[in-house]
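Participant: My questions concern the predicted model and sequence given below.
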Amino acid sequence: MGLSGALARLAVRATRVLVVEVPGHWATRMEVEHQLLRRGWRPAWTPADADVLAVCGVPGPELSELVDRLWEQMPGPRVRADITSPGTVGSALDAAAALLLDTPHHRTDAQERAQEPEIPEDADHGGHGGMGHGGMDHGEMDHGEMDHGEMDHGGHGGMDHSGHGGMDHGGMDHGEMDHGGHGGMDHSGHGGMDMAPGGIALAGGGEDRDGLEMDVLHLPLGPVLPFWPAGLVLRCSLQGDVVVDAEASVVDGAGAGGPGPGPAPAAVVWCDQVMALLALAGVEDAAACARRARDALLCGDEDAARAAAERLHRTIRRSRLLRWSLRGVLPLDPSDLEQHGLPRRCLGDAHDRLLARVERIRAEAGGAEPVPVEDAAVPWAVLPELVTGLELGSVRLAVASLDLDPHPAVQAVGHG
């Protein structure tokens, strides 16, 4: 028993936490991220990786259903922490750590839980209960050595498209193929096969530009996805690894506890967006600088915010890898801005937009003259048009490079 207890306590030190942000509860989510860093815990990217499910805020009906589905997919021992405010983060994580050591509790949980999670007939089958991963191969990512906010997501390289873009369908007879090795996915578009066990659909048929039939895979991104706008669902139709069509929607964010305090301060939002883009691009040091600047701005530490912003500016200016990773990602010229009604700060590609945003952070932190910016942000409704034609590996970088509007529920609070 002594050895078992020691091993359990050692495992708790390496706890991995899957964080779900209810739209508007940005402050709670940021405090959770800060507490994870202090404790040496790591973020989890899928339910299979997670020990703790941390729900920041009170989800509404749609998000609540998705959260329940994520919970069912988590292996034991598992703990769910419902965190309603930043002030309760510490105690909630303490309670989660204690519950992870409660062996009788986990035995009971294992006996009572369903042997196979139920999948609703109308469920979206493109990801882990709402976690559309866009082809991310988490099995090859080494999170053990990474600091929170300094994660290496590999940018384009971390996206595994081998299951879609690298498939040669030219000589394949889908009518006679045995697709059992693909997890029992639905090939109803290839010969009328029934939905296989697990309820996960594969590609259907569709015409390409030459009028030939190609596989079309329908893949949702979000609403629970690392470094992704809370509440956003972007349903992409793919031919190979190219987005040929997309549809954007939002999940409800206003539960019993309301949608949170409203929009975050502008400089905090900019830092958070920059951190997401840098983390997705795999630039660890710069992502850590953006996180430190964000946290310093939140707690009012002007000196720390200024120092972090200056270092962030220097790091981004000097990084050839970052320039290579982001150059050519969603380039927008003046005609594109006029067509989609976008603010002028969206001009250029993802690297140009990153530089402009870092200049604004630097000015806000007190390191330079203020940079004038428009008040307008990018509406979520234009995202489908912007991402159509992009490779799947660029979609998350493109979305992270845009200064998106807050979730509609958050806007309502902010304007109230």
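Facilitator: All right, it came through fine.

Participant: helix/strand/coil for the nearest residue to residue 19 once chain neighbours are set aside?
Facilitator: In this structure, residue 19 finds its nearest non-sequential neighbour in residue 54, 5.0 Å apart by C-beta to C-beta, 6 or more residues apart in numbering. For the C-beta atoms, the positions are set from N, CA and C on the backbone; glycine is no exception. State at residue 54, reduced to three classes by DSSP: H, G, I helix; E, B strand; the rest coil: strand.

Participant: What's the local residue count around residue 81?
Facilitator: Counted with other C-beta atoms under 10 Å, residues neighbouring residue 81 total 22.

Participant: cool, residue 104 as well?
Facilitator: Residue neighbour count, defined by other C-beta under 10 Å, stands at 7 for residue 104.

Participant: distance of it from residue 376?
Facilitator: To residue 376, residue 104 is 56 Å away according to C-beta to C-beta, to the nearest Å.

Participant: now residue 84
Facilitator: Distance check for residue 84 against residue 376: by C-beta to C-beta, it reads 32 Å.

Participant: quick one: which of those two has more around it?
Facilitator: Legend: neighbour count by other C-beta under 10 Å for residue 84 and residue 376, higher for residue 84 (20 against 14).

Participant: pLDDT score for that one?
Facilitator: If you check residue 84, the pLDDT there is 92.

Participant: again with residue 112
Facilitator: On pLDDT, residue 112 comes in at 84.

Participant: Also residue 248?
Facilitator: Looking at residue 248, its pLDDT reads 92.

Participant: Which of the three states applies to it?
Facilitator: Under three-state DSSP, the three-state class of residue 248 is strand.

Participant: Please list all residues in contact with the residue nearest to it when sequence neighbours are not counted.
Facilitator: In space, and not counting its chain neighbours, residue 248 is closest to residue 383: 4.7 Å by C-beta to C-beta, 6+ apart. Neighbour list for residue 383: 232, 234, 246, 248, 399, 402, 404 [criterion: C-beta atoms under 8 Å, 6 or more residues apart in numbering].

Participant: quick one: the helices in this protein?
Facilitator: Counting by DSSP state H, residue ranges of the helices within the chain are 2-13, 26-39, 61-73, 89-100, 103-112, 266-281, 284-299, 302-318, 320-326, 334-340, 350-364, 383-387, 392-400, 408-414.

Participant: Any idea which of those gets closest to residue 79?
Facilitator: Across the helices of the chain, residue 79 has its closest neighbour in helix 89-100 (4.6 Å, C-beta to C-beta).

Participant: helices or strands up against that closest one?
Facilitator: The contact analysis (3 or more C-beta pairs under 8 Å, 6 or more residues apart in numbering; DSSP states H and E) places helix 89-100 against helix 2-13, helix 26-39, strand 52-56, strand 79-83.

Participant: Could you name the helices and strands sitting against the longest one?
Facilitator: In terms of contact count using 3+ C-beta pairs under 8 Å, 6+ apart, helix 26-39 is assigned the packing partners strand 16-21, strand 42-43, strand 52-56, helix 89-100, helix 266-281, helix 284-299.

Participant: how about those in a markdown table, adding mean neighbour count and distance to residue 349?
Facilitator: Formatted as a markdown table, the helices and strands packed on helix 26-39 follow (neighbours: other C-beta atoms under 10 Å; distance: least, C-beta to C-beta, whole Å):
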| stretch | mean neighbour count | distance to residue 349 |
| --- | --- | --- |
| strand 16-21 | 23 | 28 |
| strand 42-43 | 22 | 28 |
| strand 52-56 | 26 | 32 |
| helix 89-100 | 18 | 37 |
| helix 266-281 | 25 | 12 |
| helix 284-299 | 24 | 17 |
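
Participant: Let me have those in TSV, adding mean pLDDT and distance to residue 252 as columns.
Facilitator: As requested, the helices and strands packed on helix 26-39 are arranged in TSV below (pLDDT from 0 to 100; distance: least, C-beta to C-beta, whole Å):
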stretch	mean pLDDT	distance to residue 252
strand 16-21	95	14
strand 42-43	92	24
strand 52-56	96	14
helix 89-100	94	23
helix 266-281	93	21
helix 284-299	92	26
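
Participant: so who does residue 278 touch?
Facilitator: Contacts of residue 278 by C-beta under 8 Å, 6+ apart are 286-287, 290, 316, 322, 354.

Participant: which of the residues you listed lies closest to residue 274?
Facilitator: Sorting those by how near they are to residue 274, with C-beta to C-beta, puts residue 290 at the top with 4.4 Å.

Participant: And residue 321, how far from residue 250?
Facilitator: 34 Å.

Participant: Revised request: answer the last question for residue 94.
Facilitator: For residue 94, the distance to residue 250 - C-beta to C-beta - is 33 Å.

Participant: Ok, residue 403 next?
Facilitator: When distance is defined by C-beta to C-beta, residue 403 is 17 Å away from residue 250.

Participant: Give the closest residue to residue 232 in space, chain neighbours not counted.
Facilitator: In space, residue 232 is closest to residue 222, 4.9 Å off (C-beta to C-beta, 6+ apart).

Participant: Let me know how buried residue 363 is, in neighbour terms.
Facilitator: Count around residue 363 with other C-beta under 10 Å applied: 17.

Participant: How about residue 391?
Facilitator: Residue 391: 19 neighbours (other C-beta under 10 Å).

Participant: ok, residue 233 touching residue 222?
Facilitator: Yes. The criterion here is C-beta atoms under 8 Å, and residue 233 meets it with residue 222 at 4.7 Å.

Participant: how about the residue nearest to residue 62 when sequence neighbours are not counted, what does it touch?
Facilitator: Distance criterion C-beta to C-beta, 6+ apart; nearest residue to residue 62, sequence neighbours excluded, is residue 251 at 4.3 Å. Residues near residue 251 by C-beta under 8 Å, 6+ apart: 23, 60, 62-63, 66, 223, 231, 233.
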